[in-house]
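Asks: All I have is the shape, not the residue letters:
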C-alpha cells in the first residue's frame, strides 16, 4: 500500500520541478527583454543627443560664417565711405560738397548682404568719423574708424624726405611728415617727440616759388649769393620777411622773425643752427637739388645747441637734431601758403582708430 502511494507521489514532484524551471526561464527572458529595451533606449537617447549636438554645431558654424560675412560687408561699406570722402568731402567747410546727396549712396548691397553708413561726422578740420554696419542673413556687425586728410605742406613741425635723428634733449612739438619710404626715424627719447608721425610715399618735399622768395629777399637786402657766415648771421638779428641764401648758411645767434611777422628762410645749401638762436617762421632747406629716379636729393644739416624754431622746417635731408634744440609748430607759417607751388600731400587720405562697435 505504501509503495503504491510513493509511486503516485513521484509524478507530482516532477511536475513541480518543471513548473519551477519554467518560471525561472520566464524570469530570465523577462530580464533579458528589459535589458534589451534599456539598451535600445540608451542608444536612442545617445543618438538623439549626437544628432542634436551635430545640428547645434552646424548652426553655430553657419552663424559664425554669417557673422564673418557681415563683418566683411561692413568693411566694404567703409571702403565706399573712404572713396566718397576722398571725392566729395569739403575739408574747408567740414561737410559734403554742394550738390552731393549722401543719402542716396549711404547704403548698398555686396556679397549677398547689405551695408549702411550710419554716420559721417566731422571730428576736426582734417578728420571725419565713419560708422559702417554690415548685415548678412540675421548676422550684423558694425565698425567705426577715422578718415584723415594728411597734413598739408604747412601743417606740420617737420616735413622731410630723409632720415631723422632726434637725440639728447632735442624736442619736436608737432606732427612730422616723412615722404621717403626708405628713410628712418631714430628718437632717443620718444616723450620728446609726442606728435603724430605721418608717412607718405610720394618721395619729395613741397616745392615753392623760389624766384619770388629771392626777389622779395633782394628787395629787403636779405639776399646772400655767397651764403650766410658768422658776420652775415649777426645782421639777421631782428629781421623778418624773406631771407634767401644761395649756398650754405650757418646761423649762430639772434632772434629772427616773430609770430606776427614771421621769417621765410630759404637755404639752397647746408643749414647749421648753433648757439642761442630763436627763429620764428618757415625754414625751407633744399641743398643742391638734383632729380634721381623721380626723387629729390639734398644735404642740409641741423645741429643743436640751444637753438629754437617756432613754425616749421621743410627739408630734403635732416641729419640730426641734438643738444637742447627745440622745434615747435606754429600756424604763423600759413602766411606763406601762397609761395607753395606743389603740395604732394594735399590729396592724401588715410584711416586710423579702427574699432568694432558692439
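Replies: Arrived safely, thanks for sending. Everything numeric in this text was worked out from a predicted model, so none of it was measured.

Asks: for the protein, what helix or strand is lowest in average pLDDT?
Replies: Every helix and strand in the chain was compared by mean pLDDT, DSSP states H and E; the lowest is strand 290-292, with a mean of 22.

Asks: Dihedrals phi and psi, residue 258?
Replies: Phi and psi for residue 258, reported as degrees, to the nearest 10, are phi -140, psi 170.

Asks: Mind pulling the model confidence for it?
Replies: On the pLDDT scale, residue 258 is placed at 96.

Asks: Now it: closest residue in space that isn't a chain neighbour?
Replies: If the residues on either side of it in the chain are set aside, residue 258 comes closest to residue 280, at 5.5 Å by CB to CB, 6 or more residues apart in numbering. (Glycine included, C-beta is placed from N, CA and C.)

Asks: ok, that neighbour - contacts?
Replies: Residues in contact with residue 280 (CB atoms under 8 Å, 6 or more residues apart in numbering) are 255, 256, 257, 258, 259, 262, 263, 309, 310, 311, 330, 332.

Asks: now, which of those residues sits nearest residue 180?
Replies: Among these, residue 309 lies closest to residue 180 (CB to CB), at 21.4 Å.

Asks: Now the closest one: which helix or strand?
Replies: Assessed by DSSP states H and E, residue 309 sits inside strand 308-315.

Asks: contact partners of that strand?
Replies: For strand 308-315, the surrounding residues in contact (CB under 8 Å, 6+ apart) are 153-154, 156-162, 174, 205-206, 257, 259, 262, 271, 273, 277-286, 298, 300, 302, 325-330, 332-333.

Asks: if we can go back for a sec, before we move on, what SS does the residue nearest to residue 258 have?
Replies: Look at residue 280: counting by DSSP: H, G, I helix; E, B strand; the rest coil, its state is strand.

Asks: Tell me the spacing between it and residue 345.
Replies: To residue 345, residue 280 is 23 Å away according to CB to CB, to the nearest Å.

Asks: Could you list the paired strands of the strand holding residue 309 along with their orientation?
Replies: Note on strand 308-315: by DSSP bridges, its sheet partners are strand 158-160 (parallel), strand 277-285 (parallel), strand 326-329 (parallel).

Asks: Please point out which parts of the last one sit buried.
Replies: Across strand 326-329, burial judged by 16 or more other CB atoms under 10 Å covers 326, 327, 328, 329.

Asks: And the one helix or strand residue 264 maps to, what does it pack against?
Replies: Assigned by DSSP H and E, residue 264 falls within strand 263-267. Applying 3 or more CB pairs under 8 Å, 6 or more residues apart in numbering; DSSP states H and E, one finds that strand 263-267 contacts helix 210-219, strand 241-245, strand 277-285.

Asks: Which strands or helices does the next helix or strand after it pack on?
Replies: Remark: after strand 263-267, the chain's next helix or strand is strand 271-273, criterion DSSP H and E. Using 3+ CB pairs under 8 Å, 6+ apart, the elements in contact with strand 271-273 are strand 249-251, strand 277-285.

Asks: Now those in TSV, please, with extra columns for mean pLDDT and distance to residue 219.
Replies: Formatted as TSV, the helices and strands packed on strand 271-273 follow (pLDDT from 0 to 100; distance: least, CB to CB, whole Å):
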stretch	mean pLDDT	distance to residue 219
strand 249-251	87	19
strand 277-285	93	17
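
Asks: got the residue ranges for the helices in this protein?
Replies: 2-88, 210-219, 230-234 (DSSP state H).

Asks: Could you list which residues are in contact with residue 244?
Replies: 213, 214, 217, 218, 222, 223, 224, 266.

Asks: thought the first one was touching residue 339?
Replies: Yep, that's residue 213 we're talking about. Yes - counting by CB atoms under 8 Å, residue 339 is a contact partner of residue 213 at 6.3 Å.

Asks: so what sits against both of these two?
Replies: Taking CB under 8 Å, 6+ apart as the criterion, residue 213 and residue 339 both touch residue 264.

Asks: what residue ranges in the protein score low on pLDDT?
Replies: Flagging of the chain using pLDDT under 70 yields the residue ranges 1-31, 50, 52, 54-60, 287-305, 318-319, 346-347.
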